[in-house]
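**Student:** can't give you the sequence, but here's the structure:
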Ligand code: ATP
Ligand code: MG
Ligand code: MG
């Protein structure tokens, strides 16, 4: 992808916008762009620099994203604690073409990395609550005030708003900005850091090999690791990646959303609106609380991924009302006229609160309360789903966590106790 029309190759110390921004390290990448930590000489803060691929369709997508981000930034300043802020944008000419660049405020790790860091055990419910409140406040702003559908809500597109964000306090965070390209040390050269990293990687691989063998022998090494302790981590976050966002009166694509977070009305092509984001929100909340995706559909012999997805939804949420099942442009492909799936006949029903108890070991009360919050948002009928604003009123979000905390502090013996800075380092590795 590093060719004409594709990504722009960046080296540490490269400067952008006439020397204002200096590339520090790669933060991530997507289908459209690479994202770099950069130092802003003008404000003396760190920023995230999103450098789009250069081909016309990517440039057009970037212009759309800039338009959306500008509308977000000017709509209501008090809501900027919940959505990413666009700081600046400019064009950058390179060997692969002209690249549109977005300068965004620098945020922390994604919720997906948080879930991984927690070893896919699910976060404590009080933490899930805090994150849910942030996402819902963001959605209320996007839907209610701006008329925007995000269209790709998922843990990867929600970033933690770390309290030790170096952009807010570069000195205390111990980071010193690189102000020019290090001589004789192009990206990836031999530095102490790199050697250390390689040694650590080698050690980690060796450990992994040993425990794999133990697992296969059914030995003691097979004991699963406990979840890590995330005490003291501020669980505030912001919604990012507005590349697929659209205004409600001009939907851009028929098929939106990442597979696992896709709403039934999108699969069946009934037409979609804000409630499609609410569906993805519920899938995200479930994943935060359990560590596993709510739906992981797979195509099989005689049925497609879409059909498996619809079957999984009905196994968990009950039969889809005939009215919805038969009303989409694709309904006839999957459902008969009675609203039964044509090719997957036998469904194994398992209600959400039973699943939470049986598979994820929730207490009966926790399961009942969490399912009571999620189930209305997972209504097959998009018009019946509560809005983000209505969800914010739900008692589950405003519960007292006292009892949960008492229980958890007992079981935290044996958990790894990492300090905040330690956690940050591990998350970044
Ligand atoms: P996609 O294929 O998901 O549409 P994309 O090219 O539009 O990708 P983004 O999803 O916006 O790119 O960003 C890619 C990655 O860069 C993110 O997953 C995240 O890890 C990192 N990133 C993006 N924005 C920021 C930010 N403001 N602060 C820190 N990291 C960020
Ligand atoms: Mg993304
Ligand atoms: Mg994108």
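**Tutor:** The structure has been received and is ready for your questions. Since this is a predicted model, take the numbers as computed values, not measurements. Numbers count the residues shown, from 1 in each chain. Ligands and ions are numbered 1, 2, ... in the order given.

**Student:** which stretches of the chain have low pLDDT?
**Tutor:** 162-175, 182-224, 226, 229, 231-233, 400-429 (pLDDT under 70).

**Student:** Could you list the contact residues of it toward ligand 1?
**Tutor:** Contact residues, the chain versus ligand 1 (CB under 6 Å from any ligand atom): 27-33, 35, 48, 50, 84, 104-107, 110, 156, 159, 240-241, 243. To be clear about C-beta, it is placed using only N, CA and C from the backbone, and glycine gets the same treatment.

**Student:** can you narrow these to ones near ligand 2?
**Tutor:** Restricting these to those touching ligand 2 (CB under 5 Å from the ion) yields 30, 241.

**Student:** If any of the residues of the chain next to ligand 1 are buried, put those into a PyMOL selection.
**Tutor:** Remark: buried members of the residues of the chain next to ligand 1, expressed as a PyMOL selection using 16 or more other CB atoms under 10 Å:
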select buried, resi 27+28+32+33+35+48+50+84+104+105+106+107+110+156+159+240+241+243
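
**Student:** Residue 92 in helix, strand or coil?
**Tutor:** strand (DSSP: H, G, I helix; E, B strand; the rest coil).

**Student:** What residues does it make contact with?
**Tutor:** 8, 16-17, 51, 98-99, 101 (CB atoms under 8 Å, 6 or more residues apart in numbering).

**Student:** Quick one: buried ones out of the residues you listed?
**Tutor:** 8, 16-17, 51, 99, 101.

**Student:** From these, pick the one nearest ligand 2.
**Tutor:** residue 51 (14.3 Å; CB to the ion).

**Student:** quick one: that closest one from residue 1, how far?
**Tutor:** 12 Å (CB to CB, to the nearest Å).

**Student:** cool, residue 322 as well?
**Tutor:** Taking CB to CB, one finds residue 322 at 46 Å from residue 1.

**Student:** which of those two has more neighbours?
**Tutor:** residue 322 (13 against 10; other CB atoms under 10 Å).

**Student:** what sits against the closest residue to the more buried one other than its chain neighbours?
**Tutor:** With sequence-adjacent residues excluded and distances taken as CB to CB, 6 or more residues apart in numbering, residue 322 is closest to residue 339, at 3.5 Å. Taking CB under 8 Å, 6+ apart, we find residue 339 in contact with 319-322, 325-326.

**Student:** wait, residue 263 sits on residue 255?
**Tutor:** No - contact criterion CB atoms under 8 Å: residue 263 and residue 255 do not qualify, at 11.2 Å.

**Student:** Get me the contact residues on this protein for ligand 3.
**Tutor:** Counting by CB under 5 Å from the ion, the chain sits next to ligand 3 at 241, 243.

**Student:** What sits closest to whichever residue of the chain sits closest to ligand 2 if chain neighbours are left out?
**Tutor:** Closest contact between the chain and ligand 2, by CB to the ion, is at residue 241 (3.8 Å). By the measure of CB to CB, 6+ apart, the closest residue to residue 241 outside its immediate chain neighbours is residue 157, 4.3 Å from it.

**Student:** neighbours around the one you found, how many?
**Tutor:** 24.

**Student:** Residue 301 too?
**Tutor:** 5.

**Student:** quick revisit: show me the contacts for the residue nearest to residue 241.
**Tutor:** 110, 150, 239-241.

**Student:** What about those residues, which are in strands?
**Tutor:** residue 239 (DSSP state E).
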